[in-house]
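Undergrad: Quick one, what's the 3D model for this:
(2 chains)
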There are 2 protein chains.
Amino acid sequence: MNFYIGYLFAEAVKHILQKNGIPTSDIDLIGSHGQTIHHYPFLIIPCGETTGIGEPAVIAHETGIPTIADFRVADMAAGGQGAPLVAYPDYLLFHDSVKTMGLLNIGGIANITVLPANGSFDSVSAADTGPGNMCIDAVVSEITDGRERYDQAGQRAAQGTPHQPLIDEWLNHPFFQLTPPKTTGREMFGHTLAMECLAACRKHSLSDNDSIATLTELTVQTIALYISQFVPEKNPIDTLYVSGGGVHNQTVMQRLNEALVGTAVEPVDNSGISADAKEAIAFAILANESLHGQAGNLPSATGASMRKILGKFVCP
Amino acid sequence: MNFYIGYLFAEAVKHILQKNGIPTSDIDLIGSHGQTIHHYPFLIIPCGETTGIGEPAVIAHETGIPTIADFRVADMAAGGQGAPLVAYPDYLLFHDSVKTMGLLNIGGIANITVLPANGSFDSVSAADTGPGNMCIDAVVSEITDGRERYDQAGQRAAQGTPHQPLIDEWLNHPFFQLTPPKTTGREMFGHTLAMECLAACRKHSLSDNDSIATLTELTVQTIALYISQFVPEKNPIDTLYVSGGGVHNQTVMQRLNEALVGTAVEPVDNSGISADAKEAIAFAILANESLHGQAGNLPSATGASMRKILGKFVCP
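TA: Model prediction:
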């Protein structure tokens, strides 16, 4: 699959350039995040392992553009979690002299970067908060026999009622008690857990939409829990910019706004950066840093012992 | 395993430097071949896949030395087999204005590079010839219940008698009819095939040493077959330098000398380059070429559509 996904990525690059009338020669460098297919940071086993696919040699050859990829491994070699890697790009793009900023990406897993007002990058904290869309998507897909892949705009959750006792039970998961830096993945909050949650919902005779609402609320409450645990009350988040697929889930957005009193929860688009493009922009920044011999990780976010130049450089 | 093997490789580097009193600061660059754990070139499936483990980010971090690794993929991205990659270093080290030179490495798989006298690198041909030690080792290990891992110095083979009808049968394997460039691996000539061969030997009531002699002779005859098929009779190999574990198998060496009339079959050590170090030297050369933006593959050897700068560069 590594080569095959590489070809798909290369096709995507060529397609987007053509669609936007950008000549390949205008692109100096590709930063490819890759598709992480397993990720066991040191948190779980003594010697970390991570695998991202989407062969950069294929991307570089097919596009003719130098490519940097596989950003996690250097951070992990230095004892870090290999994630979240967006902390440093988030700092470069969003830190503010007056406001404390939060950047929340709700992908399969949700992760947050907190940038204290007028802080240096040592002050940045970042972590995975827990499940993002992963469990919701899995349950929607299961309930609809695969006809729906996600809860569009959060409509099903809006029509359901979350079952708080189950959420309280799930919040006992040890991950939510860990202090940051911490990362997680599909191994912990993937399909298996989602199916266990769905089974628990059904045991409590919840309707389909109530089940989806309950898992949606789990995502919201784990984010709120992280913030209440690890963001100092005296320096609360002024603006929380949300990106990732979750930004399109209106139930998630509305409930986050209700749960985070005093914080403006907004799509990151309001900052001028498209939610759908934010991760891509972050990895373009990381690739550029690496090309110039600049470190891209933040030990305060990943737990690494030192800053590292990230990624592997591949010639076209 | 990718990270774990990376730590072992880093330990090996540190150990060898310490043992030889070489300060780390004297080493500018590591070229790491990695351990290939699967290799499906385009020969077998439409979209190639190859996986080498021994994470270079770990090697670079642990040693403090920039590392280039994963040399096969760029060649495969250009439609090549990703092997044999030693062809170009072999050319740089061994090509001769008067003699036609052969370089035979007998590792798990055996591969040969042929350098016509006074030829350019377009004239170089290289290919895997078939099984090297892989089948012999597997059968020795099976026969001795794992007490012996290989046939030391070829002593068991020397005490046995090869069964030619079985060898003739095995030589019908389609790989031996393919024209170069061609590569193979453990998928084709690994443990499964070795066990089938052993079963066939036992069906013919061969003794243990006769079975080992038969598999040893298979290696010899597949090498000789390749040379008779693909090296022009009018320009025979003058000197065939042998490297890899097989050079220590005296039965293999003696039988190659007998089978290849007119060719001097010698350990590559006779050239001044240690057989045990030859592959390592080749990958140091390839890493150096890549660092200087020079291509490292030879399309005449790998079948790639073009020369490519190989490997992925990782900062320490």
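
Undergrad: Going by C-alpha atoms from here, please, whenever you check contacts or count neighbours.
TA: Fine.

Undergrad: SS state for A:Ala12?
TA: Secondary structure, DSSP: H, G, I helix; E, B strand; the rest coil: A:Ala12 is helix.

Undergrad: Can you read off the pLDDT for it?
TA: At A:Ala12, the model reports a pLDDT of 97.

Undergrad: With the one 10 residues further on instead?
TA: For A:Ile22, the model assigns a pLDDT of 97.

Undergrad: got it, and the one 5 residues further on?
TA: At A:Ile27 the predicted local confidence, pLDDT, stands at 97.

Undergrad: That one - nearest residue in space that isn't next to it in sequence?
TA: Spatial nearest neighbour of A:Ile27, chain neighbours left out: A:Ile65 (7.0 Å); criterion: Cα to Cα, 6 or more residues apart in numbering or on different chains.

Undergrad: what sits against that neighbour?
TA: A:Ile65 makes contact with A:24, A:27-30, A:59, A:315-316, according to Cα atoms under 8 Å, 6 or more residues apart in numbering or on different chains.

Undergrad: Looking at those residues, which are in helices?
TA: The helices, defined by DSSP state H, take in A:Ile59 from the contacts of A:Ile65.

Undergrad: Just among the contacts of A:Ile65, which is most surrounded?
TA: In terms of neighbours by other Cα atoms under 10 Å in any protein chain shown, the contacts of A:Ile65 top out with A:Ile59 at 33 neighbours.

Undergrad: circling back: ok but the residue nearest to A:Ile27 is inside a helix, no?
TA: No: under three-state DSSP, A:Ile65 falls outside any helix and is assigned coil.

Undergrad: State the distance from the closest residue to A:Pro162 other than its chain neighbours to A:Arg149.
TA: Excluding its sequence neighbours, the residue lying closest to A:Pro162 (Cα to Cα, 6+ apart) is A:Thr214, at 4.0 Å. Distance of A:Thr214 to A:Arg149, computed by Cα to Cα, to the nearest Å: 17 Å.

Undergrad: Could you do A:Ala259 as well?
TA: Look at A:Ala259 and A:Arg149: by Cα to Cα, they are 27 Å apart.

Undergrad: what do you get for A:Ser205?
TA: 23 Å.

Undergrad: cool, and A:Gly64?
TA: Noted for A:Gly64: a distance of 35 Å to A:Arg149, by Cα to Cα.

Undergrad: before we move on, back to that, between the contacts of A:Ile65, which is closest to chain B?
TA: A:Cys315 (6.3 Å; Cα to the nearest Cα).

Undergrad: And for the closest one, nearest residue in space, chain neighbours not counted?
TA: A:Pro66 (4.9 Å).

Undergrad: Show the model's pLDDT score for that neighbour.
TA: With respect to pLDDT, A:Pro66 has a value of 98.

Undergrad: Then the one 4 residues further on?
TA: With respect to pLDDT, A:Asp70 has a value of 96.

Undergrad: Can you tell me the closest non-neighbouring residue to it?
TA: The spatially closest residue to A:Asp70, leaving aside those adjacent along the chain, is A:Gly311, at 5.0 Å (Cα to Cα, 6+ apart).

Undergrad: What is the neighbour count of the one you found?
TA: Residues within reach of A:Gly311, counting by other Cα under 10 Å, total 29.

Undergrad: Please apply the same query to A:His15.
TA: 12.

Undergrad: May I ask you to confirm that it belongs to a strand?
TA: No: counting by three-state DSSP, A:His15 is not part of a strand but helix.

Undergrad: can you dump the C-alpha coordinates of whichever helix in chain A runs longest into PDB?
TA: Assignment by DSSP H gives helix A:208-230 as the longest helix of chain A. Backbone C-alpha positions of helix A:208-230 (Å, rounded to 0.1, in the frame of the first residue of the first chain) are rendered in PDB as follows:
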ATOM      1  CA  ASP A 208     -29.600   5.300  17.000                       C
ATOM      2  CA  ASN A 209     -29.500   9.100  17.200                       C
ATOM      3  CA  ASP A 210     -29.200   9.100  21.000                       C
ATOM      4  CA  SER A 211     -26.200   6.800  20.600                       C
ATOM      5  CA  ILE A 212     -24.700   9.200  18.100                       C
ATOM      6  CA  ALA A 213     -25.400  12.100  20.400                       C
ATOM      7  CA  THR A 214     -23.800  10.300  23.300                       C
ATOM      8  CA  LEU A 215     -20.600   9.700  21.300                       C
ATOM      9  CA  THR A 216     -20.600  13.300  20.000                       C
ATOM     10  CA  GLU A 217     -20.900  14.500  23.500                       C
ATOM     11  CA  LEU A 218     -18.000  12.300  24.500                       C
ATOM     12  CA  THR A 219     -15.800  14.100  22.000                       C
ATOM     13  CA  VAL A 220     -17.000  17.500  23.400                       C
ATOM     14  CA  GLN A 221     -16.600  16.600  27.000                       C
ATOM     15  CA  THR A 222     -13.100  15.100  26.600                       C
ATOM     16  CA  ILE A 223     -12.000  18.300  24.900                       C
ATOM     17  CA  ALA A 224     -13.600  20.400  27.700                       C
ATOM     18  CA  LEU A 225     -12.100  18.100  30.300                       C
ATOM     19  CA  TYR A 226      -8.600  18.500  28.900                       C
ATOM     20  CA  ILE A 227      -9.000  22.300  29.000                       C
ATOM     21  CA  SER A 228     -10.300  22.300  32.600                       C
ATOM     22  CA  GLN A 229      -7.500  20.000  33.700                       C
ATOM     23  CA  PHE A 230      -4.500  21.500  31.900                       C
END
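
Undergrad: Who are the contact partners of A:Leu198?
TA: Contact analysis of A:Leu198 by Cα under 8 Å, 6+ apart lists A:139, A:211.

Undergrad: Show the average pLDDT along stretch A:209-221.
TA: Stretch A:209-221 comes out with an average pLDDT of 98.
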